[in-house]
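Trainee: got a predicted structure here, sequence first:
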Amino acid sequence: MASCKTAVRVIDSQIEELAIAPLVRELLGRLGEDPQRDGLVRTPERVDKALGFLTGGYGMDVQPIVNGALYQIKYDAMVVVKDIEFFSLCEHHMLPFFGKIHVAYLPRKKVIGLSKIPLCRGRR
């Protein structure tokens, strides 16, 4: 009878956050760069901060962002918010991308304060 073993990995978020800079330092070395060179000394920490910013939205809670801005209203026109700046990180190449989006919807019985969306910025 084959046994079924399950591996459980407990992630300590503080340890995981601190682990990025040493990995970037090693990556720089493997790319043939000198991580101690003046222009690169603080690069691992900068990359850590940038990746945290670009992926910060994954851990955000929508409730504080919406902050109760859901209103019962009789409204029959399309709601549109244009030119919302966005940014993210391509999960296939780990490269940033950014642009502007537009959001539109036809409300039924409630409208949401979409002006909250542009205020959402990635945070770590």
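Mentor: Cool, the structure landed.

Trainee: give me the below-cutoff pLDDT ranges for the protein.
Mentor: The chain contains residues with pLDDT under 70 at 1-18, 114-124.

Trainee: try it again at 80.
Mentor: In the predicted model of the chain, residues 1-19, 57-60, 62-63, 65-70, 75, 112-124 satisfy pLDDT under 80.

Trainee: ranges for the strands of it?
Mentor: Assigned by DSSP state E, the strands in the chain fall at 70-72, 79-89, 96-105, 110-112.

Trainee: nearest to Gly32, of those?
Mentor: For the strands of the chain, proximity to Gly32 was assessed by CB to CB; strand 96-105 is nearest, at 23.3 Å. Placement of C-beta: from N, CA and C, glycine included.

Trainee: skip the chain neighbours and tell me the closest residue to the spatially most central residue of the chain.
Mentor: Centrality entry for the chain: nearest residue to the mean C-alpha point is Thr55, 2.5 Å, by CA atoms, centre = their mean. Using CB to CB, 6 or more residues apart in numbering and skipping the chain neighbours, the partner closest in space to Thr55 is Leu89 (5.6 Å).

Trainee: what bridges to the one you found?
Mentor: Pro96 (DSSP bridges).

Trainee: run through who's touching stretch 88-106.
Mentor: For stretch 88-106, contacts defined as CB atoms under 8 Å, 6 or more residues apart in numbering pick out 50-51, 54-55, 57, 78-87, 114, 117.

Trainee: buried subset of the residues you listed?
Mentor: Using 16 or more other CB atoms under 10 Å as the burial test, those include Leu51, Leu54, Gly57, Val81, Ile84, Leu114 as buried.

Trainee: and these as a markdown table, adding distance to Val103?
Mentor: Converted to a markdown table, those look like this (distance: CB to CB, whole Å):
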| residue | distance to Val103 |
| --- | --- |
| Leu51 | 26 |
| Leu54 | 21 |
| Gly57 | 15 |
| Val81 | 5 |
| Ile84 | 7 |
| Leu114 | 6 |
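
Trainee: out of those, which comes closest to Lys74?
Mentor: Leu114 (17.9 Å).

Trainee: and of the buried ones among the contacts of stretch 88-106, the nearest to Ala19?
Mentor: Leu51 (11.6 Å).
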